[in-house]
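**Q** Sequence plus the predicted model coming up.
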Amino acid sequence: MPTATTPSKTGTSTPRLSEYAKSFTFPSGIVRTVWPRVEAKGLELGLGFDWWQSQLGTVCLGYGADGKYVATVGGIGMSIPRQVGKTYFVLAMLVVLCILYPGLQVVWTAHHLSTSTKTFTSLRGICRRKKVAPHIAALRAANGEQQAVFRNGSRIMFGSRKMGFGRGFDEIDVEVFDEGQILDTKSLEDMVAATNQARHEHGALLLFMGTPPRSSDPSEAFRQRRDEAHAGEADDAIWLEIAADPDSDPNDEDQWAVMNPSYPLRTPRESLLRLRKNLKDDDSWNREGRGIWDPKNDSVVIDEASWGLIADPGSMAIERLTLAIDVPPDRSVAAVALAGRRADGLWHVELDEQRKGVDWVIPWVAQVAEQNRLHAVVVDELAGLTEKRRDRNYLIGTDIEVTLAAAEGRDMAIACAKFFDAVMDRSVRHTDQPQSNVALSVARKRPIRAGGWAWNRKDGASDITPIVAETLALWGAQNDNVKRPTRRRTSSRTAVIL
């Protein structure tokens, strides 16, 4: 990719966005665009746009011979680093569109409430500008939701997806998915329906904007858009990706003009130095500051399609109920999984509980053991949750005898092999839990001394405890040579796993 140049005020050195960006794909068939009207009105209101924003806007608001936006079906995806100006671009464009098109309805969602609140604060600043303010009827903020109401009936509404905002709306013309890197397909499905009855003359628009996701982020929707664009399969969508060169030194300031088209005219050196100081970790800086995606790792052990074929949200085990506990070396979190056999003879696995820290695990498992007739409780021998008494292993401070699984031993190798085989021959079902799905996506193999392999984390930020616990639970449920936990209290009622 060519080194970026900073456009002069005369525009003589303005590069083409398609040459500047790491990736810029968009549908063919644009015959006209609303952008010149937006840009002219923006200048009248004191809302200017930089060269790259103008070129992007031209495509985003381009429509075909049928009068509909060329990206009204597939949407607009933007993977752009922080401090570039993507939020201002979208906010200013929407403000102008709301003024030009009376009654335009816009929903802006972010994963975190703090992000949507911060963006609303930015919008409030725009709306209070001298030439914009006469168009605004009200700026409202209450109960974690904010909105700007225009005198012509247009509205921009803000809220957090994490808190359920955005579901249940109808007749929405534009939806913005901020923090697009934290957006799973289910959340997207719940919200996209709001645009089915859009009344805007050029059709609805969906905008997905964010930075490259972490491996642990539920980012299926964002990743899918990028993969389709790179594969040339996004005929009805726009994808813009701006980033530094992946092989460059994280501290190379020559890359700043490559990864940030607003540098140094709109984004001064001090802003990027400040961002770098706050993103001291190279991984975070590469993703959020430099826009670099992690290399696609095709060494996943169980692919998403195979895992999806055995999903059954209504699955339930009725016999050979087995719990397994997994704790990572840093003891930051613990996971307890349940496995057993279903009424139809298939096996069942699910994440039963996951919390930060480890202090909760023993009391929680003890309570479950009191209320259920368990086949076994399996614990990784390195978890530090057991004690030996009379040559038997118990959970510390309890009478619950456990079966230990050696992390580097034969048991772990057999457990991982059996789990893999059960998924591939479809003899097991899972309940399609997000925590387990994410854990599987970042789980890799590592060879162990006993032969075979065990689960390994893709990187230091990955949490694979749900999938490790499910693997051990299935191994215990299928194993007749396990220790049967002592049941300290019986109940006449049918027990239910908590």
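**A** Ah, there it is.
**Q** in stretch 253-266, what counts as buried?
**A** Under the neighbour-count criterion of 16 or more other Cβ atoms under 10 Å, stretch 253-266 has Gln255, Trp256, Ala257, Val258, Met259, Asn260, Pro261, Ser262, Tyr263, Arg266 buried. All C-beta spots, glycine's among them, are computed from the backbone N, C-alpha and C.
**Q** Sorry, slip of the keys, the one I care about is stretch 159-178.
**A** Of the residues in stretch 159-178, those buried (16+ other Cβ under 10 Å) are 159-162, 165-166, 172-178.
**Q** Return the item of those having minimum pLDDT.
**A** Ranked by pLDDT, the buried residues of stretch 159-178 bottom out at Gly166, which has 81.
**Q** wait, isn't it in contact with Val176?
**A** No. Counting by Cβ atoms under 8 Å, Gly166 stays clear of Val176, with 10.0 Å between them.
**Q** which residues do the two both contact?
**A** Both Gly166 and Val176 are in contact with Val107, Thr109, where contact means Cβ atoms under 8 Å, 6 or more residues apart in numbering.
**Q** Figure out the length between the terminal residues of stretch 378-389.
**A** 17 Å (Cα to Cα, to the nearest Å).
**Q** what residues does that stretch touch?
**A** When contacts are taken as Cβ under 8 Å, 6+ apart, the neighbours of stretch 378-389 outside the stretch itself are 322-327, 329, 331, 358, 361-362, 393-397, 402-407, 468, 472-473, 475-476, 482.
**Q** ok so, going back, between the buried residues of stretch 159-178, which is nearest Ala335?
**A** Set against Ala335, the nearest of the buried residues of stretch 159-178 by Cβ to Cβ is Lys162 (21.5 Å).
**Q** Now the closest one: closest residue in space that isn't a chain neighbour?
**A** Among residues not flanking Lys162 along the chain, His111 sits closest, at 5.6 Å (Cβ to Cβ, 6 or more residues apart in numbering).
**Q** Contact partners for that neighbour?
**A** With the criterion set at Cβ under 8 Å, 6+ apart, His111 makes contact with Ser160, Arg161, Lys162, Asp178, Glu179, Ile182, Leu183.
**Q** Trp108 is in contact with the fourth one, correct?
**A** Yes. Proximity of Asp178 to Trp108 meets the contact threshold set by Cβ under 8 Å, at 6.5 Å.
**Q** if I look at the two, which residues touch both of them?
**A** Common neighbours of Asp178 and Trp108 (criterion: Cβ under 8 Å, 6+ apart): Ser116, Thr119.
**Q** Would you list the phi and psi of Asp463?
**A** Dihedral angles phi and psi of Asp463 (degrees, to the nearest 10) take the values phi -120, psi 110.
**Q** Low-confidence ranges, the stretch 101-250 of the chain, go.
**A** Judged by pLDDT under 70, the stretch 101-250 of the chain has its weakly predicted residues at 216.
**Q** tell me the strands in it, going along the chain?
**A** 105-110, 136-142, 145-150, 155-160, 174-177, 205-210, 237-241 (DSSP state E, counting those that start in this stretch).
**Q** Pull out the buried positions in the second one.
**A** Okay, so that is strand 136-142. Applying a neighbour-count criterion of 16+ other Cβ under 10 Å, one finds Ile136 buried in strand 136-142.
**Q** follow-up on the earlier one: tell me which of the buried residues of stretch 253-266 fall in helices.
**A** Using DSSP state H, the members of the buried residues of stretch 253-266 that fall within helices are Trp256, Ala257, Val258, Met259.
**Q** that older thread, could you check how far the residue nearest to Lys162 is from Arg290?
**A** Computed with Cβ to Cβ, to the nearest Å, the distance linking His111 and Arg290 is 21 Å.
**Q** Could I get the pLDDT score of Asp281?
**A** At Asp281, the predicted lDDT confidence score is 87.
**Q** Could you pull up the contacting residues of it?
**A** If you count contacts by Cβ under 8 Å, 6+ apart, Asp281 has none.
**Q** Check the burial of the residue lying closest to Gly203 once chain neighbours are set aside by counting its neighbours.
**A** With Cβ to Cβ, 6+ apart as the criterion, Gly203 has its nearest non-adjacent residue at 3.6 Å, and that residue is Thr72. The burial count assigned to Thr72 is 22, neighbours taken as other Cβ atoms under 10 Å.
**Q** Please enumerate the helices of the stretch 251-400 of the chain.
**A** 256-259, 269-278, 282-284, 304-309, 361-371 (DSSP state H, counting those that start in this stretch).
**Q** Buried deepest among the ones you listed, which one?
**A** Of all these, helix 256-259 has the most neighbours on average by mean count of other Cβ atoms under 10 Å, namely a mean of 21.
**Q** Please save the CA atoms from that helix in PDB.
**A** Taking Å, rounded to 0.1, in the frame of the first residue of the first chain, the C-alpha atoms of helix 256-259 are listed here in PDB:
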ATOM      1  CA  TRP A 256       1.000   7.300  11.600                       C
ATOM      2  CA  ALA A 257       0.200   8.900   8.300                       C
ATOM      3  CA  VAL A 258      -0.600   5.400   6.900                       C
ATOM      4  CA  MET A 259      -3.000   4.400   9.700                       C
END
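**Q** pretty sure Asp312 contacts Gln433?
**A** No. The pair Asp312 and Gln433 fails to qualify as a contact (Cβ under 8 Å) at a distance of 11.5 Å.
**Q** neighbour count winner among these two?
**A** Here Asp312 and Gln433 are set side by side on neighbour count (other Cβ under 10 Å), and the busier one is Gln433, at 18 against 14.
**Q** was I right about that one contacting Glu470?
**A** No. Under the criterion of Cβ under 8 Å, Gln433 is not in contact with Glu470, lying 9.6 Å apart.
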